[in-house]
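>>> test case, fold it:
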Amino acid sequence: MNIILRSGEYSRQKTFKAGGIFMIVQDVVFNSVEDAQRFVSQAERWPSDVDVSLGSSMVDGKSLLGVLSLGIHKKLHVTIHEKPEN
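Numbering: from 1, shown residues only. From the prediction side, this is the model:
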C-alpha cells in the first residue's frame, strides 16, 4: 500500500511477524482533514487490516472518524497487516 499524502510526512519500515504475516509499519502526520480523507479512502480499498495509533489509543484506519479522533498535525503510527501472496 502506498500512502500518498501531498503535505504529510512519513517513514516506512517492513518487518516480519511470526505466523507468516507481514506488517508494514509507518509513521504519518496528517496536515489537514483532506490528507486523512485520502488515507482512509486508500485504506478502505486495502484487503487487510489497517490500524492507526497514538500512544495507547488505536483505531481502525478505515474509519475517518476514528483517524480524525487521534488528531491532525500529530505523528501517528500506522500498521498494515499483510498476508503474503501464495
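>>> which strand or helix spans Val40?
Secondary structure assignment for Val40, by DSSP states H and E: helix 33-45.
>>> what are the pairing partners of the following helix or strand past that helix, and which direction each?
Sequence-wise, the next helix or strand downstream of helix 33-45 (DSSP H and E) is strand 50-54. Next to strand 50-54 in the sheet, as set by DSSP bridges, lie strand 57-60 (antiparallel), strand 75-82 (antiparallel).
>>> report pLDDT for the most centrally placed residue in the chain.
Nearest to the mean C-alpha position of the chain, by CA atoms, centre = their mean, lies Val78 at 3.4 Å. Val78 carries a pLDDT value of 92.
>>> so in terms of bridging, what pairs with the closest residue to it other than its chain neighbours?
Leaving out its chain neighbours, the residue that sits closest to Val78 by CB to CB, 6 or more residues apart in numbering is Gln26, at 4.6 Å. (Glycine included, C-beta is placed from N, CA and C.) Under the criterion DSSP bridges, Gln26 forms beta bridges with Arg12, Val78.
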